[in-house]
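Participant: predicted model and sequence follow; I will ask about them next.
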Amino acid sequence: MTMKDAVLLFVAAMAGGALNSVAGGGSFLSFPALLFTGMPPVQANATNTVALWPGALASAIGYRNELAGEKPGLVVEFVVISLLGGIAGAVLLLHTPQSTFMKLIPWLLLVATLIFTFGGKLTRALRARGYALSTPIVLLLQLITAVYGGFFGAGIGILMLAILSLIGMEHIHRMNGLKNILATCINGVAVITFIWAGIVEWRQAGLMIVGGILGGYGTARFVQRVDPRYIRAFVIAVGFAMTAYFFWKTR
């Protein structure tokens, strides 16, 4: 890792941490940054997951009291499904050739960007119209989301908010609390799987963990003064720009 690469990763992690603390979408900066340093795509995805997990864990701890009013059985079901799906997605990534995953990257970024762009509107529409599905169907949707999360991960938070709306949850803080816990479970088992497989680049991951923490707790104060609409617009623009770049790169 050159000094230039180290600076790029640290700055990307700081910016990503700040974005995640305010609007989400930090992966649109941190994951491409790893690829730009020449890291193979599978290792880059695994390293990015490890780098972002401490922030997800901190968010889950911060929201832990919001679940006091939820049914313990429902929470356990979602946690178990998320753990199983996260492991399945991580194992699927380990068995995906580098060349195949590289070709999938623009499509995965496109899906994540579209989720980030329109997921909030979908969640609000579902909540406003009172749509509700049976628990088994919702758990199946959560399993699919968890597999996607273990395999790639960007955008799963918004997907899970939409899923929780489908079972009639309306309290946004409780939804965020459960969403953060489930995301921590999905990414946590993926992190363990990637570490066990030995595909995490620890120098880069350690540097990005520090940068992400500083970004999340430092520069976020500045970012919070900016109109959230501009933050979202910036993240969406970066997402589509990265998508276009990797479509061009893998053509």
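Facilitator: Everything's here; your move.

Participant: going forward, measure contacts between C-alpha atoms and count neighbours the same way
Facilitator: OK.

Participant: for Ser99, the count of nearby residues, please.
Facilitator: Summarising burial for Ser99: neighbours were counted as other C-alpha atoms under 10 Å, giving 12.

Participant: what's the distance between it and Val42?
Facilitator: Distance of Ser99 to Val42, given as C-alpha to C-alpha, to the nearest Å: 9 Å.

Participant: what of Thr250?
Facilitator: Thr250 sits 15 Å away from Val42, taking C-alpha to C-alpha as the criterion.

Participant: how about the helices in the protein?
Facilitator: Per DSSP state H, the chain carries helices over the ranges 3-22, 27-36, 41-62, 72-94, 98-129, 135-151, 156-165, 172-197, 202-214, 220-223, 228-249.

Participant: Thr250 and Val42: who's more crowded?
Facilitator: When Thr250 and Val42 are compared for neighbours, Val42 comes out ahead with 25 against 12, by other C-alpha under 10 Å.

Participant: and the pLDDT for that one?
Facilitator: With respect to pLDDT, Val42 scores 92.

Participant: list the residues that contact the spatially closest residue to Met102 that is not a sequence neighbour.
Facilitator: The shortest distance from Met102 to any residue that is not its chain neighbour, by C-alpha to C-alpha, 6 or more residues apart in numbering, is 6.0 Å, and that residue is Pro41. Contact criterion C-alpha atoms under 8 Å, 6 or more residues apart in numbering gives Leu35, Gln98, Phe101, Met102 as the residues in contact with Pro41.

Participant: distance of Pro41 from Val238?
Facilitator: 19 Å.

Participant: got it, and Tyr245?
Facilitator: Using C-alpha to C-alpha, Tyr245 is found at 10 Å from Val238.

Participant: next: Asn45.
Facilitator: Separation of Asn45 from Val238 (C-alpha to C-alpha): 18 Å.

Participant: and what of Gly149?
Facilitator: From Gly149 over to Val238 (counting by C-alpha to C-alpha), the distance is 20 Å.

Participant: same check on Val138?
Facilitator: Here the distance between Val138 and Val238 works out to 31 Å (C-alpha to C-alpha).

Participant: do Leu161 as well
Facilitator: The gap separating Leu161 from Val238 is 22 Å, by C-alpha to C-alpha.

Participant: do Pro54 as well
Facilitator: In this structure, Pro54 lies at 23 Å from Val238, with C-alpha to C-alpha as the measure.
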